[in-house]
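> Here is my input, please return the structure:
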Amino acid sequence: MIKFGKGVVRLRIPILILSLVLLVPSIIGYVNTRINYDILSYLPGDIETMAGQDILLEEFGTGAFSVAVVEGMGNKDIASLKGEIEKIDHVKSVLWYDSFADLSIPMELLPDKIEKTFENKEKNAALMIIMMDTSMSADETLEAVEEIRSLTDQQCLLSGMSAVVADIKKICNSEAVMYVVIASVLSAVVLSLTMDSFLIPLLFLLSIGMAIVYNLGTNFIAGEISFITQALAAVLQLAVTMDYSIFLWHSYQENQQRYAGDKKRAMAHAISNTVTSVVGSSITTVAGFLAMCFMTFTLGLDLGIVMAKGVVFGVAGCVTILPAMILTFDRAIEKTRHRAVIPDLGRIGNFVTKKYVVFIVLFLLILGPALYGYTHNKVYYDLVGTLPDHLESVMANDHLEEEFNMGATHVIIADSGLEAKQVRRMLAELEEVKGIKSAIGLDSILGPAVPPEFVPDTYKEILDNGTYQMIFLLSEYKTASDEVNAQCDTIKQIIKEYDTSAMLIGEAPCTQDLITITDKDFKTVSTVSIVLIFIIIAIVLKSISLPVILVAVIEFAIFINMGIPSYTGTVLPFIASIVIGTIQLGATVDYAILMTNKYKKARYKGADKQEAVSSALNSSLQSVFVSALSFFAATFGVGLYSSIDMISALCVLLARGAIISLFVVAFILPAMFMVFDKLICNTSAGFKNKEKQVKAGSVLS
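Residues are numbered from 1 along each chain as shown. Down below sits the predicted model:
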C-alpha cells in the first residue's frame, strides 16, 4: 500500500484536475436522474394489488384516481368545473352526478346512497372522482394534479396518492438543497471546534462533496431513485464517510512527527495506513447498506445500492482527492492553525478499566428495558401522516372525513361476465360491510327509477369495458388503520366468493400489503446485516469471539436508540424500524473496530490486559468522538428542519444512534474487553507475540 500512497502524492495535481473534470458528467447524470415520489410503487410487482393496478391501466386506460372535494359551488358551476378538468391533458374522465344522469333530472331520483355519496347539502359540498390515463406517480399525473388545483382557489381539494405524491415532490424540491447546506455547515462547525485548523474541515467537505456528486451522478444508470434516497443520500454519505477523512488527517499528523520535515513521505504513509484500516471498516458499512437489498420492498434496494456506492466513492476520495488537497493547500492549512476548543479526551482509559465492573452492571441493567422498548415500538404506514397539515392533500383528506365521513377509496376489478343478479347481490353484501359508505358500479347506478338509457355510453365504458368491470368502494376508515385492514380482508373474502379472479386495489389494500411485507423485511434485514457484519469482522480481525462482542455492543446501542420511542410514546414511520438498525450497525461498528485494532496491537506488543484496553481507549476516543459528533451534527440539523416526518424521524434516530454508539463504545466495549480478555486472546489471531512466548518459555525451562 505504500506504493499506492507514494503514487497519490506524486500525482496529486493530475488527481485534482481529473476530480474536477469528473464533476461535469456527474452533474449531468444527477440532473437527468428521475426522482420517484411514490413509496407504494416499490411494492413487489407480482402481488395482487400491484397486478390489479396494471390491469386497470391496460384494460381501462386508468392509472391514477383522486376523490375531489368541491365546496361552495352550485350544480351548474360544478358541471362547468368538471368540463374544464376533463380538458386537462391525461385526465381520462370525471365521475359526478351528471355522469349518471342529465342535470335536468333531480338528484333525488338516483339511489339514496349515490345521492349522499356525491352531495352534502348541509355543507354545500360535492364529490367528484377524477381518473387519469397515466399511473399514480407518473410525471404527467403530477402535472395534471397541479393544473386541476390551479382552476380554483382551494374550492376543489384533491385527495388520494397522486395528490400526496405531488405535495411530497413540492416539499422535497424546496427543501432538498437545504438538507445538504445544513449538514455541511453543522459538520464544519463541529470539525472547526474539534480540529486544529479552520481550513481542514472545508477540505474534508470539498472532497466528500465531490464523492457525493459522483455517487448521485451515477444514479442515472438506474434511471430513477426514490425521494427518500434523494433526500438522505448526501446527508448520510457525509455523515458515514467523514470519519475516514478524520482518520487520514490524524494519521498524517502522527507520521509528520515520525518523518519530521518530510510531509510528502508522511502523507504517503498516512494514505497507506488509512487504506489498511479504512477498507476493513468500510466493508462493514457497505455490508450494512447492502443488507437492505434483501428487502422485497424494493425501496431498500434503492437506498442500499446508492449508499453502498456512496461509501465506496467516499473511501476512494479520502485516499486520493483529500491527500492531494491537503498537500496542495499545505501553507494555507498552517496559516489557519488554532488550538482545538474541545480538550483531548484521551485520558479516561484508566478510569473506565478500573471501574469496568460498574459498566458491565449498567449494561445488564439497561439491556432488559432497552430490548423491551425495541420490540414494542409503534409504527405508522399512512403516508399522509408524514406531511404538514397545511398541504392540500392533507386538507382534502380532513374535509373528506369531516363533510362526507370518508377515508379510503377502494377499487374492485371483477369479471364483466358476471350476471347482473350476482353483481347486485355482491354489491348489497359489500355495502353491509362495516365502514363502507357506498359501492359505485354500473349496477348500483341503475336503480329502479333510472332506466339504462339515461346513463351515457361513455360512462358505461368507464365502469365496464366488456372484459372487466370496475366498482368503487367508499370507506369511512383511514388508510393504514386497523379498521380498514380488517375491512379489506372482509371485502376480499366477499368478492372471491362471486369471482375468484376479482381483485381489490387502491391505496388502503396496497398499504395493507406494505405492512405485511415490511414486517417480514424487518426480520430479514436485521438477520442479514448481523450475519454479514459478523463474518466480515471475523475475517478482518481473525477472531471467533470478537465478532460476537462487537456486534453485541453495537446491537445494544441500537436497542437503546430504537427503544426510546416506546417510552416517549413516539410513533415511528415504518421505514425507520427497518433501516435504522442496519445503518447504525454498519456505520458505527467502525468505532468499535478502530478501538479493537489498537487493543490488539497493544496486547501483541506485550501490554497486560488493563494497559492494553486503557491505551486503546485513550488513543482512539478522540477520533471516535469527532466522527460521532460530526455524524450527529449532519443528521440532527436535517431532522429538525425537514417538514416530512419520514425524513425528519430517520435523521433524528440516526443522530441519536451515533451518540449512543459513541458512549457504548467508550464505556461498554472496554469493559467487555476486560471481562473477556482471556477468551479473546485464545480465540483470536495476532494478540500474542510468538517470539516473546518462545523467549518466555526458554526462560522458564
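
> Can you name the helix or strand that the residue nearest in space to the middle of the chain falls in?
Centrality entry for the chain: nearest residue to the mean C-alpha point is I228, 5.2 Å, by C-alpha atoms, centre = their mean. Per DSSP states H and E: I228 is located in helix 227-258.

> Report the buried residues of that helix.
Residues of helix 227-258 classed as buried: 227-252, 255-256 (neighbour count, 16 or more other C-beta atoms under 10 Å). For the C-beta atoms, the positions are set from N, CA and C on the backbone; glycine is no exception.

> what's the average pLDDT for the host helix or strand of V181?
In this structure, V181 sits in helix 161-194 according to DSSP H and E. The average pLDDT within helix 161-194 is 88.

> re earlier: could you look up the next helix or strand downstream of the helix holding I228?
Next helix or strand after helix 227-258 toward the C-terminus (DSSP H and E): helix 263-291.

> Now find how far off-centre that next one is within its chain.
26 Å (C-alpha atoms, centre = their mean, to the nearest Å).

> Now do the helix or strand that that helix is followed by against helix 263-291, angle only.
Using DSSP H and E, the next helix or strand after helix 263-291 towards the C-terminus is helix 299-319. Interaxial angle of helix 299-319 relative to helix 263-291 (axes from the mean of the first three to the mean of the last three C-alpha atoms, to 10 degrees): 170 degrees.

> Now helix 299-319 - C-alpha only, CSV.
What follows is helix 299-319, C-alpha atoms only, in CSV (Å, rounded to 0.1, in the frame of the first residue of the first chain):
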residue,chain,number,x,y,z
LEU,A,299,-37.1,0.9,-1.6
GLY,A,300,-34.5,-1.0,0.4
LEU,A,301,-32.7,-2.0,-2.8
ASP,A,302,-32.8,1.6,-4.0
LEU,A,303,-31.4,3.1,-0.8
GLY,A,304,-29.0,0.3,-0.2
ILE,A,305,-27.3,0.4,-3.6
VAL,A,306,-27.0,4.2,-3.6
MET,A,307,-25.5,4.3,-0.1
ALA,A,308,-23.1,1.3,-0.7
LYS,A,309,-21.8,3.2,-3.8
GLY,A,310,-21.5,6.3,-1.7
VAL,A,311,-19.2,4.6,0.8
VAL,A,312,-17.0,3.3,-2.0
PHE,A,313,-16.8,6.7,-3.5
GLY,A,314,-16.1,8.2,-0.1
VAL,A,315,-13.2,5.8,0.6
ALA,A,316,-11.8,6.5,-2.9
GLY,A,317,-12.0,10.2,-2.4
CYS,A,318,-10.5,10.0,1.1
VAL,A,319,-7.3,8.3,-0.1
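
> in that helix, what counts as buried?
If you call a residue buried by 16+ other C-beta under 10 Å, then helix 299-319 has these buried ones: 299-315, 317-319.

> Equivalent analysis for stretch 138-146, please.
Residues 138, 141-142, 144-145 are the ones in stretch 138-146 that count as buried (16+ other C-beta under 10 Å).

> ok, now stretch 82-94?
The neighbour-count criterion (16+ other C-beta under 10 Å) identifies 82, 85, 88, 90-94 as the buried residues of stretch 82-94.

> Nearest to L206 among these?
Ranked by distance to L206 (C-beta to C-beta), the buried residues of stretch 82-94 are led by H90 at 43.4 Å.

> right, and that closest one touches D133 too?
Yes - assessed by C-beta atoms under 8 Å, H90 is found in contact with D133 at 5.4 Å.

> which residues does the nearest residue to A233 once chain neighbours are set aside contact?
Leaving out its chain neighbours, the residue that sits closest to A233 by C-beta to C-beta, 6 or more residues apart in numbering is V306, at 5.3 Å. Shown in contact with V306 (C-beta atoms under 8 Å, 6 or more residues apart in numbering): 215, 219, 225, 229, 233.

> Any stretches of the stretch 551-700 of the chain with poor pLDDT?
Scanning the stretch 551-700 of the chain for pLDDT under 70 picks out 689-700.

> ok, I491 to V240 distance?
Going from I491 to V240 by C-beta to C-beta, to the nearest Å gives 44 Å.

> separation between E497 and L418?
Distance of E497 to L418, given as C-beta to C-beta: 12 Å.

> residues touching the closest residue in space to Y498 that isn't next to it in sequence, list them.
The spatially closest residue to Y498, leaving aside those adjacent along the chain, is M426, at 4.7 Å (C-beta to C-beta, 6+ apart). Taking C-beta under 8 Å, 6+ apart, we find M426 in contact with 414, 418, 494-495, 498.

> Roughly how far does the residue nearest to E119 when sequence neighbours are not counted sit from L473?
Setting aside the residues directly before and after it, E119 is nearest to A126 in space (C-beta to C-beta, 6+ apart), at 5.2 Å. Separation of A126 from L473 (C-beta to C-beta) stands at 19 Å.

> hmm, who's touching stretch 663-671?
Residues external to stretch 663-671 that are found in contact with it (C-beta under 8 Å, 6+ apart): 348-349, 352-353, 356-357, 359-360, 362-363, 549-550, 553-554, 556-557, 560, 588, 591-592, 595-596, 613-614, 616-617, 621, 624-625.

> Which of the residues you listed fall within helices?
Mapping the contacts of stretch 663-671 onto helices (DSSP state H) picks out 349, 352-353, 356-357, 359-360, 362-363, 549-550, 553-554, 556-557, 560, 588, 591-592, 595-596, 613-614, 616-617, 621, 624-625.

> Is it possible to mark the buried ones in the residues you listed?
Buried by 16+ other C-beta under 10 Å: 349, 352-353, 356, 359-360, 363, 549-550, 553-554, 556-557, 560, 588, 591-592, 595-596, 613-614, 616-617, 621, 624-625, out of those.

> Could you give me the buried positions within stretch 396-411?
For stretch 396-411, a neighbour-count test (16+ other C-beta under 10 Å) marks 396-397, 399-400, 403-404, 406-411 as buried.

> can you tell me which of those residues are in helices?
Using DSSP H, the buried residues of stretch 396-411 in helices are 396-397, 399-400, 403-404.

> related to what we said a few turns ago, per-residue confidence at the residue nearest to the centre of the chain, what does it come out as?
So I228 comes in at 88 (pLDDT).

> how far does the helix or strand encompassing A671 sit from the chain's center?
Assessed by DSSP H and E, A671 sits inside helix 669-683. A distance of 36 Å separates the C-alpha centroid of helix 669-683 from that of its chain, computed with C-alpha atoms, centre = their mean.

> One more: stretch 130-137?
26 Å.

> quick check: mean pLDDT across it?
Averaging pLDDT along stretch 130-137 yields 87.
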